[in-house]
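**Q** Predicted model, plus sequence, below.
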Amino acid sequence: METAISPIIRFFITEGVPFQTIILLLMLPVIATFIAFLRQVVGIKAFGIYTPLITTFAFLATNGLRYGVAIFLVVIFVGMLMRFILKPFRLLYLPRVAIMLTVVSLIILTMLVFGGNLRRTGLASVSIFPILIMITLVEKFVATQIEKGNKAALVLAFETLIISILGFFIASWEGLIGLLIAHPWTILLTLPINIIIGKWTGLRVSEYFRFRSIIKKL
């Protein structure tokens, strides 16, 4: 493994940059490009590009994908539930989100304690970084609920989850990690790929399914 490390990676390490940080930063353009492809070519919307990107890295920071997905689902469920509970109070947006964040944080804390009680040390020891990322999903989810409705918010949340899971597997792919370690310059290939994606003018894959009845008549 040592002989496969690029000299520039060795330089970063000797300068004190953590190896894991280097890998994550090199992986970021790859995952961002992957998400851009899914959005522009495939037609999966999700909560933009930034939310599934940071959710992917939150999954990487949890002690196993299942814990990350569990926290994600709890956050979305509690956020949806709290919107219905708080609706009769007719609160302004920011105080309402603050209350939701408070409740979600308490639920997650209870979840971690419950995991520790069941000797699920992987769940109990999840760091604050991925938890904070997951909790911030509440505001995005609530804003989408208000703007587009519950169904649209749930669909976007589900699409975000799917993209984040796929991104997790890509970022965990040892072959890709080995390539980036040996040839970090390969991340520059994401630039022309994104230029090509940015000039995409054809129908998205999802639109072929959506308008298949019309396309058949052409």
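**A** On my side now, so go ahead.

**Q** Worst mean pLDDT across the helices and strands of the chain, which element?
**A** helix 121-124 (a mean of 59; mean pLDDT, DSSP states H and E).

**Q** Using CSV, write down the CA coordinates of whichever helix or strand comes after that one.
**A** The helix or strand immediately downstream of helix 121-124 is helix 128-148, counting by DSSP states H and E. Extracted as CSV, the C-alpha positions of helix 128-148 are listed here (Å, rounded to 0.1, in the frame of the first residue of the first chain):
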residue,chain,number,x,y,z
ILE,A,128,-21.7,15.0,16.8
PHE,A,129,-20.6,15.9,13.2
PRO,A,130,-22.9,13.5,11.3
ILE,A,131,-25.7,14.1,13.8
LEU,A,132,-25.6,17.9,13.3
ILE,A,133,-25.7,17.4,9.5
MET,A,134,-28.7,15.1,9.8
ILE,A,135,-30.5,17.5,12.1
THR,A,136,-30.1,20.4,9.7
LEU,A,137,-32.2,18.4,7.2
VAL,A,138,-35.2,19.4,9.3
GLU,A,139,-35.1,23.0,8.0
LYS,A,140,-34.7,21.9,4.4
PHE,A,141,-37.6,19.4,4.8
VAL,A,142,-39.9,21.9,6.5
ALA,A,143,-39.2,24.6,3.9
THR,A,144,-40.1,22.1,1.1
GLN,A,145,-43.2,21.1,2.9
ILE,A,146,-44.4,24.7,3.1
GLU,A,147,-43.5,25.4,-0.5
LYS,A,148,-44.4,22.2,-2.3
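
**Q** List the buried residues in helix 128-148.
**A** 130-131, 133-142, 144-145 (16 or more other C-beta atoms under 10 Å). No exception for glycine: its C-beta is placed from N, CA and C like everyone else's.

**Q** just stretch 194-205 next, same as before
**A** Applying 16+ other C-beta under 10 Å to stretch 194-205 flags 194, 204 as buried.

**Q** end to end, how far does it reach?
**A** Start-to-end span of stretch 194-205 (C-alpha to C-alpha, to the nearest Å) is 18 Å.

**Q** What of stretch 37-57?
**A** 18 Å.

**Q** Residues in contact with that stretch: which ones?
**A** Stretch 37-57 is contacted from outside by 24, 28, 31-32, 35-36, 72, 130, 133-134, 137, 140-141, 144, 156-157, 159-164, 166-168, 171, 193, 197-198, 200, 204-207, using C-beta atoms under 8 Å, 6 or more residues apart in numbering.

**Q** before we move on, what about stretch 4-24?
**A** By C-beta under 8 Å, 6+ apart, stretch 4-24 touches 57, 60, 171, 177, 178, 180, 181, 182, 183, 184.

**Q** Keep only those of those residues that are in helices.
**A** Those of those mapping onto helices are 57, 60, 171, 177, 178, 180, 181, 182, per DSSP state H.

**Q** Can you flag the buried ones in these?
**A** Buried among the ones in helices among the contacts of stretch 4-24 by 16+ other C-beta under 10 Å: 57, 60, 171, 180, 181.

**Q** Now do the helices in the protein.
**A** So, for the chain - with DSSP H - the helices run 7-14, 19-37, 50-61, 65-86, 93-117, 121-124, 128-148, 150-171, 174-182, 190-198, 205-210, 212-217.
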